[in-house]
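*Asks:* Sharing a sequence plus its predicted fold:
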Amino acid sequence: MTPWLLLLGGWLSMALVMSGIWLVQRQTNNAGFVDVAWTFGVGVLGIVFALAGDGDFSRRVLVAVLIGGWSLRLGSYILRRVLTEPEDGRYRGLKEQWGASAQSRLFGFYQIQAPGAVIFGVPMLLAGRNSQPLGILDLIGVAIWIVSVAGEALADRQLAQFKRDPANQGKVCNVGLWRYSRHPNYFFEWLHWWTYVPMAVFAPWGWLSLTAPAAMWYFITRVTGIPPTEAQSLRSRGAAYREYQRTTNAFFPGPPKSEARPSGSDK
């Protein structure tokens, strides 16, 4: 199958999935299921795109394993959170903002996720077409994957442990990785998308693999990541979170700007 047919098929498949998930959220009143569907959907598309390539077989299998492992870890984590916690404040805020048109606008929002998933599948498609034998660039990609997936899993675990302690209710999580970045989970998620760039660089049009980390950077820092998350934290934690903003980097981990730390918040 040609790359263009794979991309088109991926788009149509994800559009159908997102239509079904929109119906699920109507029944459950929880829009967070879109994040579960998107993560698992990108994983499935990535596996199919990688294995359908005509490049080095070992790399195709490696890329499929990597994207599948990322999807399984993150998708399972998000699913547990959606099933056991209240609806994400970002989506509650959107529903309040959209009012009576919330459902129709959510349907459009869900459909935007379909081509978005295809964009994030492009690096796997390209890596699957790389005919070069496995080499140092692939090892670099694997190293990035290990650091990013382990880092994001650690950040998620630290936040979950913090929130489970009743003594931390109403406080800002500023322990572990959260001491050095207000959003270490987002940082490592962005880092993950660099995994496939060195693996795809020698494929035809390999430079297009940069679209995934570029798009993830944009969405995290400008659209659906940091802005609504921080707005929700400011509404719920006020001055404590503003102090956290003052002393802690938003994205890239770095030393705190002050040892005077707040003791409060939920992410």
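*Replies:* Yep, that arrived.
*Asks:* All the helices of the chain, residue numbers only.
*Replies:* Counting by DSSP state H, the chain has helices at residues 3-28, 33-51, 57-84, 89-98, 102-127, 136-164, 184-192, 197-200, 211-218, 226-237, 239-247.
*Asks:* Out of the ones you listed, which is the most enclosed?
*Replies:* Comparing these by mean neighbour count (mean count of other Cβ atoms under 10 Å), helix 197-200 comes out on top with a mean of 28. Glycine gets a C-beta too; all of them are placed from N, C-alpha and C.
*Asks:* Same list, the helices of the chain, but as JSON lines with distance to residue 258 please.
*Replies:* JSON lines is the format used below for those (distance: least, Cβ to Cβ, whole Å):
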{"stretch": "helix 3-28", "distance to residue 258": "41"}
{"stretch": "helix 33-51", "distance to residue 258": "34"}
{"stretch": "helix 57-84", "distance to residue 258": "31"}
{"stretch": "helix 89-98", "distance to residue 258": "27"}
{"stretch": "helix 102-127", "distance to residue 258": "37"}
{"stretch": "helix 136-164", "distance to residue 258": "20"}
{"stretch": "helix 184-192", "distance to residue 258": "19"}
{"stretch": "helix 197-200", "distance to residue 258": "36"}
{"stretch": "helix 211-218", "distance to residue 258": "27"}
{"stretch": "helix 226-237", "distance to residue 258": "18"}
{"stretch": "helix 239-247", "distance to residue 258": "5"}
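*Asks:* can I get those helices in a markdown table with mean pLDDT and distance to residue 176?
*Replies:* Listed next are the helices of the chain as a markdown table, based on pLDDT from 0 to 100; distance: least, Cβ to Cβ, whole Å:
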| stretch | mean pLDDT | distance to residue 176 |
| --- | --- | --- |
| helix 3-28 | 97 | 32 |
| helix 33-51 | 98 | 23 |
| helix 57-84 | 97 | 16 |
| helix 89-98 | 90 | 22 |
| helix 102-127 | 97 | 28 |
| helix 136-164 | 97 | 4 |
| helix 184-192 | 98 | 8 |
| helix 197-200 | 98 | 28 |
| helix 211-218 | 97 | 23 |
| helix 226-237 | 91 | 17 |
| helix 239-247 | 95 | 14 |
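*Asks:* can you tell which of those is closest to residue 255?
*Replies:* helix 239-247 (9.9 Å; Cβ to Cβ).
*Asks:* so that closest one versus helix 226-237, what angle?
*Replies:* Helix 239-247 and helix 226-237 meet at an angle of 140 degrees, taking axes from the mean of the first three to the mean of the last three Cα atoms, to 10 degrees as the criterion.
*Asks:* Convert helix 239-247 to PDB, retaining C-alpha atoms only.
*Replies:* Output of helix 239-247 as PDB, limited to C-alpha atoms (Å, rounded to 0.1, in the frame of the first residue of the first chain):
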ATOM      1  CA  ALA A 239      -1.500  32.500  45.300                       C
ATOM      2  CA  ALA A 240       0.200  29.100  46.000                       C
ATOM      3  CA  TYR A 241       0.300  28.300  42.300                       C
ATOM      4  CA  ARG A 242       1.400  31.800  41.400                       C
ATOM      5  CA  GLU A 243       4.400  31.300  43.700                       C
ATOM      6  CA  TYR A 244       5.000  28.000  42.100                       C
ATOM      7  CA  GLN A 245       5.000  29.700  38.700                       C
ATOM      8  CA  ARG A 246       7.500  32.300  39.900                       C
ATOM      9  CA  THR A 247      10.000  29.800  41.300                       C
END
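*Asks:* Please name every helix or strand in contact with it.
*Replies:* Helix 239-247 is packed against helix 226-237, with contacts defined by 3 or more Cβ pairs under 8 Å, 6 or more residues apart in numbering; DSSP states H and E.
*Asks:* elements contacting the helix it packs on?
*Replies:* Using 3+ Cβ pairs under 8 Å, 6+ apart, helix 226-237 sits against helix 89-98, helix 239-247.
*Asks:* which residues are contacting that helix?
*Replies:* Residues outside helix 226-237 that contact it (Cβ atoms under 8 Å, 6 or more residues apart in numbering) are 89-90, 93-94, 170, 172, 182-183, 186, 220-221, 241-242, 244-245, 250-251, 264-267.
*Asks:* follow-up on the earlier one: what's the closest of the helices and strands packed on helix 226-237 to residue 109?
*Replies:* Each of the helices and strands packed on helix 226-237 has some distance to residue 109 by Cβ to Cβ; the shortest is helix 89-98, at 7.7 Å.
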